[in-house]
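1. No sequence on hand, only this structure:
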């Protein structure tokens, strides 16, 4: 009478309702992770690298409780059918996900399992508020963040659960794949080296990051979160994405802190993540379709060379290039910089936001379908609650404002480190003698700007006004 616990984006043992339910039955428990053959679960190399580490840590945590992780690959329903037969399972449990394909998959497996006589139950481990629980006064889903935020704050949230004390093992374990031979690790060793230097996947590291941020970063979060050179953010996004820590655990930690601007701002960011899932659930086409239909007529540029320069951090704008190099090296980018590089792609270069979203999905360790598409549509202006079309971030002004001493630029653009704090944000505008003194030849050591900001901004305003204004 075994219980199968199907792990997905909940790679932790604490505050894991499906695992806790299984442990409380007293029956043998078989924890299972299935790598789906379609590849959509881990869309890029960075997220596959993270998954490798996270599964290894989860297996260790389960072994400390007298259990282990069974890993399989293939179509989830086919794998579950096989393992139900092999383990004589009487129950199947999992924690819910909210992307369109996983919702359909869950419904299919729920129907099959019940028809097969299994006890099938699912739980909420990934959100404070599941998408159907927050509605406007007229019973419709929210499309604007501020009223959604107010509704969530008024509703409150549940407390997290602890970890089960131990797990009963079956008489014999089914065959498992070896995590080390599943092909999740990156072939480009230089990329993997950068990820290893920046991150340690797993539940223990997630808890350590949360505790450190609560003690050292939360009080000044509201002021420091926009400064990319500072450790002003929590760094929890990939841990949240893979479910190594849950939002209830984060919210509970915030609740223990005396109210103030820092805790309130951090809770607001946690609820922006929830809002993204709310939007995707109620707009399942959002990953690839404009939420504002007027944007379907946008004449995006087909410019693969421009896209490649943006991807490589070779635009000639220091803040853009620093951000794209940080992304490539670490699998992560500061949120303020994410907004600026996305604005540059969609408004300076007039390249379709979906191409930028695809690059982020491939290179981010926190590549999340809901957050990614919501963020890109917000910047492009095509989203439900979007930045106005006439907001075109000035990469130089943003650099001077949020990296005033140039520390972020110097970290990721060492070729510019010899420039003064005044000059490093706009190297093409300084006298030739100053460049020569810093031993920098524009066009050789560092690119000339690929486009003029003033002309690019005006072009974007003209195009947006012609195709979008009045059609919203």
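-> It's in. These numbers come from a predicted model, not from an experiment. Numbers count the residues shown, from 1 in each chain.

2. So what's the gap between stretch 15-32 and the chain middle?
-> Chain-centre distance of stretch 15-32: 27 Å, with Cα atoms, centre = their mean, to the nearest Å.

3. now swap in stretch 424-433 and tell me
-> 35 Å.

4. What residues of that stretch count as buried?
-> Neighbour counts over stretch 424-433 (16 or more other Cβ atoms under 10 Å) mark 424, 425, 426, 427, 428, 430 as buried. Every residue, glycine included, has its C-beta placed from N, CA and C.

5. any residues touching that stretch, and which ones?
-> 316, 318-319, 396, 399-400, 403, 406, 409-410, 416, 419, 423, 435, 440, 442, 446, 448-449 (Cβ atoms under 8 Å, 6 or more residues apart in numbering).

6. what secondary structure does the residue nearest the centre of the chain sit in?
-> Central residue of the chain (Cα atoms, centre = their mean): residue 366, 3.3 Å from the mean position. For residue 366, the assignment made with DSSP: H, G, I helix; E, B strand; the rest coil gives coil.

7. Distance check, it against residue 238.
-> Shown here: residue 366 relative to residue 238, a distance of 4 Å by Cβ to Cβ, to the nearest Å.

8. joint contacts of these two?
-> With Cβ under 8 Å, 6+ apart as the test, residue 366 and residue 238 both reach residue 332.

9. where does this structure have low pLDDT?
-> Across the chain, the ranges flagged by pLDDT under 70 are 188-190, 470-472.

10. And the strands in it?
-> Remark: strands assigned in the chain by DSSP state E are 2-7, 29-36, 70-74, 89-95, 119-123.

11. Which of these sits closest to residue 329?
-> Residue 329 sits nearest to strand 29-36 of all the strands of the chain, at 26.1 Å, using Cβ to Cβ.

12. Tell me if I'm right that residue 254 and residue 262 touch.
-> No. Using Cβ atoms under 8 Å, residue 254 is not in contact with residue 262, being 9.3 Å away.

13. for residue 207, what are its contacts?
-> 245, 249.

14. now swap in residue 441 and tell me
-> residue 435.

15. mind starting the numbering at 322 from now?
-> Happy to do that; since the first residue is 322 now, the last one works out to residue 762.

16. can you tell me which residues contact residue 525?
-> 378, 382.

17. try the one 10 residues further on
-> The neighbourhood of residue 535, defined by Cβ under 8 Å, 6+ apart, consists of 574, 575, 577, 578.

18. How about residue 642, nearest residue that isn't a chain neighbour?
-> residue 634 (3.9 Å; Cβ to Cβ, 6 or more residues apart in numbering).

19. Neighbours of the one you found, how many?
-> 22 (other Cβ atoms under 10 Å).

20. Would you check that it makes contact with residue 640?
-> No. Taking contacts as Cβ under 8 Å, residue 634 lies outside contact range of residue 640: 10.4 Å.

21. how close does residue 397 sit to residue 441?
-> 13 Å.

22. Looking at the two, which one has more neighbours?
-> residue 397 (24 against 19).

23. separation between the nearest residue to that one once chain neighbours are set aside and residue 404?
-> Leaving aside its chain neighbours, residue 397 sits nearest to residue 355 (4.9 Å; criterion: Cβ to Cβ, 6+ apart). From residue 355 over to residue 404 the distance is 9 Å, taken as Cβ to Cβ.

24. Now the common contact residues for those two.
-> With Cβ under 8 Å, 6+ apart as the test, residue 355 and residue 404 both reach residue 393.

25. For residue 524, which residues are in contact?
-> Contacts of residue 524 (Cβ under 8 Å, 6+ apart): 332, 333, 334, 335, 378, 379, 382, 565, 566.

26. again, but for residue 677
-> Residue 677 neighbours (Cβ under 8 Å, 6+ apart): 631, 662, 663, 666, 667, 697.

27. Just give me the closest of these to residue 348.
-> Out of those, the member with the shortest distance to residue 348 (by Cβ to Cβ) is residue 697, at 44.7 Å.

28. biggest helix in this structure by residues?
-> Assignment by DSSP state H gives helix 582-603 as the longest helix of the chain.

29. Show me what that helix is packed up against.
-> If contacts are counted by 3 or more Cβ pairs under 8 Å, 6 or more residues apart in numbering; DSSP states H and E, helix 582-603 sits against helix 466-476, helix 542-545, helix 568-576, helix 690-701.
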